[in-house]
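1. Coordinates for the following, if possible.
(chains A and B)
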Amino acid sequence: MILTKEQQAILDGEKGETLAKVMKTLVMYGDAFEAEKLVPITSRYNHLVTSFGLKVMSPVYDLMQQLLDAGVASEQQFSVDPRPIDKNVPANFLQNLVFSKFMYTKQDFYEGQLEKLGLMDKNAFTCTCYMDEVGNKPKKGDILSWAESSAVVYANSVLGARCNRNSGIIDIMGSIVGYVPYFGLLTDAGRKATWVVKVQTTQKPEAQLLGSAIGMKVMEDVPYVVGLDKWIGTELDDAACAYLKDFGAATASNGAVGLYHIANLTPEAVELGESLVAEGAREYIIDDAELERVKANYPVIWKNPDAAPKLCFVGCPHLSLEQLKEWTVNIETELQKNQQKKITIPTVFTAAPAVLDAFTKTEYAARLKATGVITSYICPLMYMNNPLCKKMPVITSSNKLRTYTSARYYTDAEILNAITGGKNR
Amino acid sequence: MKQFKGRVITPGEVTAEALVTREGFNTLASFQMALQFGDKEVKCGDQSNRDLYGKSMLGKALCLPQTIGSTTGGLVLYCACSMEKNPACMLFAGHIDSLAAAGAVLAEVWVDGVTMPVIDSLGEEFLAYVKDGMQITVKADGTVEVI
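-> Numbering: from 1, shown residues only, chains lettered A, B, ... in the order given. Presented below is the predicted three-dimensional model:
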């Protein structure tokens, strides 16, 4: 890798041993991908994946402390993934004890570190930092040092920014020196599609199921998706963006997709069309049967597969304002149809603190509350990341949550039916 | 015995028993429960990985196509190395992915006293040949011997 004089000086230790180690990390990381240079980060804000003060992750906090003790801070302010605990979310005595006394004992300490390192504000905890209400929305062409797989794939695909699937810790190291290695999704060549996915379903495919199928098939490659515009349109309006948010999160967690192109919809596909497809690209056809096959193959690891669900999570990744409104209307309608007054399974809808604040100011907030649904800023994945929850039958419409926990996946329509006491359970 | 030549991501020499997955290795899903709740055998917790679920990863020569999933993957690997709960080495058939590379580099630069050689580009033939329980020897130049 060819470094500028300034970068070489940092690597040589002229600005201290710790900064030299940060630079060495980025150079070695880039070398693994034959990166020829480091390029400046151009986004206003960074986004970090590590939001949790887990006792077991002490090595991470020790490393952060090394950075702080050496006086290095992020050149950019940043948002960070959702908090792992929220008193609003139902938990029994034992769970609360495990969360507060055993698992997340480093939470306050780590949040203190984040503030010193450059946290945007005390509420900047969400995986959907690109929501207008949150304000960390990069421009097309911006170079980022983000982590959080669902945010990276959204920034690349829907916003047209440029970011590799950086790991936690690497994310902040980029911000500290102000550069990232130039490889992969930062380059034009790395943004070419090596798969053409043809959507040939007879109805609008479930976003989280379609994303899962594509992620498992293409792994870390870039897919160019044809035929989806028929179902979600050719405008990046609120509904299309929410769909792509959920679709992308599934591609990134069920596989390792960092960028997708949707023909006639996402910015680079609109601009460059099929010239984005690399020579020799493979083809994957998705029809109703393929989606059904993918769904049927998800393992059910509940002790009793027929157990009645005890909790439902919707919002991984966090819901948008429009999604919260839409769910409110849908739940009201279904409750009325099913002659129920309140939801029949404890249900938590998760969204960014700033989105929840905006939602509270609408008439929908009181209506949703009246149905019994709880809203929270929590990370459902972190909530479920313990053996107590493994024994608990939790349902979700998030394919990401299904992947990392024992939660069982259902489509949005199936979840709606289940939580409103519908008969088709 | 068969020999394969790969590219050295992080150097080192080691001999260990092979643990093989032909599916993407989800680092967070595989390690999270084991690290968090002190599983001494570091059993793979990824329910979706039919090759590895429930098997001990500690001290094994982990043979895989690539890692997938959450971008916490690199720091999870870094923590596993810091806590000495890592595989003996990681051997990739194809080009390493960004999360595994990050984890390997973070461990190499920031963790003292732990060596986890990581070799990539060993070829599809490597993953087709190697089976669970085979003896793997990794050499400093990226040569991998499988017995």
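2. Residues in a beta bridge with residue B:15, which ones?
-> residue B:137 (DSSP bridges).
3. Now do the residue lying closest to residue B:1 once chain neighbours are set aside against chain A, distance only.
-> For residue B:1, the nearest residue in space outside its immediate sequence neighbours is residue B:147; the separation is 4.8 Å by C-beta to C-beta, 6 or more residues apart in numbering or on different chains. Backbone N, C-alpha and C define where each C-beta goes, glycine included. Applying C-beta to the nearest C-beta, to the nearest Å, one obtains 28 Å for the distance of residue B:147 from chain A.
4. pretty sure residue B:147 contacts residue B:135?
-> Yes - contact status for residue B:147 versus residue B:135: in contact at 4.5 Å, counting by C-beta atoms under 8 Å.
5. Which one's more surrounded, the two?
-> residue B:135 (13 against 10; other C-beta atoms under 10 Å in any protein chain shown).
6. returning to that earlier point: pLDDT score for the residue nearest to residue B:1?
-> Residue B:147 carries a pLDDT score of 95 in this model.
7. Residue A:153 belongs to a strand?
-> No - note on residue A:153: no strand contains this position according to DSSP: H, G, I helix; E, B strand; the rest coil, which reports helix.
8. ok, it - how many residues close by?
-> Tallying neighbours of residue A:153 according to other C-beta under 10 Å, which is how burial is gauged here, yields 29.
9. and it, what does it touch?
-> A:165, A:248, A:249, A:251, A:252, A:257, A:258, A:259, A:260 (C-beta atoms under 8 Å, 6 or more residues apart in numbering or on different chains).
10. how many neighbours does the fifth one have?
-> In this case it means residue A:252. Going by other C-beta under 10 Å, the residues that sit close to residue A:252 add up to 32.
11. and the nearest residue to residue A:158 once chain neighbours are set aside, what does it touch?
-> Distances taken as C-beta to C-beta, 6+ apart place residue A:244 nearest to residue A:158, at 5.2 Å, with adjacent residues excluded. By C-beta under 8 Å, 6+ apart, the contact set of residue A:244 is A:154, A:157, A:158, A:207, A:232, A:236, A:262, A:266.
12. again, but for residue B:133
-> The contact partners of residue B:133, taken as C-beta under 8 Å, 6+ apart, are B:17, B:18.
13. Let me know the distance separating it from chain A.
-> Noted for residue B:133: a distance of 25 Å to chain A, by C-beta to the nearest C-beta.
14. can you give me the strands in chain B?
-> B:2-5, B:7-10, B:14-20, B:25-26, B:61-64, B:67-68, B:89-92, B:118-120, B:135-138, B:143-146 (DSSP state E).
15. Redo those as JSON lines? Include distance to residue A:202.
-> What follows is these, written out as JSON lines (distance: least, C-beta to C-beta, whole Å):
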{"stretch": "strand B:2-5", "distance to residue A:202": "47"}
{"stretch": "strand B:7-10", "distance to residue A:202": "46"}
{"stretch": "strand B:14-20", "distance to residue A:202": "40"}
{"stretch": "strand B:25-26", "distance to residue A:202": "32"}
{"stretch": "strand B:61-64", "distance to residue A:202": "37"}
{"stretch": "strand B:67-68", "distance to residue A:202": "30"}
{"stretch": "strand B:89-92", "distance to residue A:202": "40"}
{"stretch": "strand B:118-120", "distance to residue A:202": "42"}
{"stretch": "strand B:135-138", "distance to residue A:202": "49"}
{"stretch": "strand B:143-146", "distance to residue A:202": "48"}
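16. just checking, which of those comes out with the lowest mean pLDDT?
-> Per-segment confidence across the strands of chain B bottoms out at strand B:67-68, which has a mean of 89 in mean pLDDT.
17. quick revisit: find residues that contact each of residue B:147 and residue B:135.
-> If you check residue B:147 and residue B:135 against C-beta under 8 Å, 6+ apart, no residue is contacted by both.
18. about what we covered before: got a quick ChimeraX command for the buried subset of the contacts of residue A:244?
-> Selecting the buried subset of the contacts of residue A:244 in ChimeraX, with 16 or more other C-beta atoms under 10 Å in any protein chain shown as the burial test, is done by:
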select /A:154,157,158,207,232,236,262,266
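19. got a list of what the residue nearest to residue B:1 touches?
-> Residue B:147 makes contact with B:1, B:134, B:135, B:136, B:137, according to C-beta under 8 Å, 6+ apart.
20. 10 Å instead?
-> For residue B:147, the set of contacting residues under the criterion of C-beta atoms under 10 Å, 6 or more residues apart in numbering or on different chains consists of B:1, B:2, B:15, B:18, B:134, B:135, B:136, B:137.
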